[in-house]
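Asks: Generate coordinates for the sequence data below:
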Amino acid sequence: MRKFFSVIGILTLAIVSFIYTDKTMEVAKNFDEIMTTIKEVSKEYYTDPIDGMIIDNLTFVPGISGKEVDTNNSYKKMKKFGEYNDKLLEYKEIKPKNKLEDNLDKYIISGNPNKQMISLIFIVNENSNIDNILNILENKNIKANFFVDGYWLEKNNELLTKIINKDYIIGNLSYNMDYQNNAFAWMDTIIKRISKEKYGFCYSEEENINNLQICSMNKNFTIKPSIIVKKYPLKEIKEQISNGSIISIPCNQIVEQELPTIINYINSRGLEIVNLKTLLREN
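Replies: Residues are numbered from 1 along each chain as shown. Next comes the predicted model:
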């Protein structure tokens, strides 16, 4: 029995000693010159997150993550070199409130206006020929989005795969934008399987709660564009464009003729043209 209590005593002493040593090292680290410098400068590198905006309970604009210095990981890296170096600072992301993935049941109406980015959606119907548009985008090194109808998808499986492999986003228009059509789920499965994406994209120009709910249940964000081009692409875009705009454009000859000028104009405004995944990203 004495031997037992002796062993317990030794173990207890070892544990207490370990805890004391660990706390001593932690205290020493906090007074280390490298750590104190990291803590002093960390305020300069702190960025507040911008929370996602819910508007009228049905529409949503994504937020942007903030960041803060990861003091412990920064200290570990710098301690190896024996001195403070701001190039070795490590950061932690601060997620915004009202995250994008928690708002599938709302219409996405734009990217965050604090980003100098916009996104182009080309509406692809059964007889649309998008070859010229693709060539223009490729020559301009622009990534955009093609929202395709089920009738077009039936005839263009190979082109669909090619487009996705070039980092364009494929959105789902179902058949005639009827998301209550049973074929919507078939299209959704094909697009997500090829793109290897967890979430997809639906489209709406007017409120339709049934469609919104169906898309949400199938893990699709429903895009409600901030600009819907009708007759005069360049003129309409010039009059309405702003940071975060999501621009819906039909595929026709007028668009093909004006697209190079549209791209040049958007770039002249200091706006970057990106796909939806990039525009809506919160970091």
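Asks: For E158, pull up the helix or strand it's in.
Replies: Secondary structure from DSSP states H and E places E158 in helix 157-165.
Asks: Strands of the protein, residue ranges please.
Replies: Ranges of strands within the chain are 53-55, 59-61, 66-69, 91-94, 107-108, 117-124, 145-148, 169-172, 200-203, 220-223, 227-228, 246-250, 272-273, based on DSSP state E.
Asks: Leaving out chain neighbours, which residue sits closest to C202?
Replies: Nearest non-adjacent residue to C202, counting by Cβ to Cβ, 6 or more residues apart in numbering: C215, 3.8 Å away. The C-beta positions use only the backbone N, C-alpha and C, and glycine is treated the same way.
Asks: how many neighbours does the one you found have?
Replies: Burial of C215, expressed as a neighbour count using other Cβ atoms under 10 Å, amounts to 27.
Asks: Now render the strands of the chain as a markdown table, adding mean neighbour count, distance to M35 and mean pLDDT.
Replies: What follows is the strands of the chain, written out as a markdown table (neighbours: other Cβ atoms under 10 Å; distance: least, Cβ to Cβ, whole Å; pLDDT from 0 to 100):
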| stretch | mean neighbour count | distance to M35 | mean pLDDT |
| --- | --- | --- | --- |
| strand 53-55 | 14 | 38 | 94 |
| strand 59-61 | 22 | 39 | 97 |
| strand 66-69 | 18 | 11 | 92 |
| strand 91-94 | 14 | 16 | 92 |
| strand 107-108 | 23 | 42 | 98 |
| strand 117-124 | 24 | 37 | 98 |
| strand 145-148 | 25 | 46 | 98 |
| strand 169-172 | 24 | 44 | 97 |
| strand 200-203 | 24 | 46 | 97 |
| strand 220-223 | 24 | 43 | 98 |
| strand 227-228 | 18 | 50 | 97 |
| strand 246-250 | 21 | 45 | 97 |
| strand 272-273 | 18 | 38 | 98 |
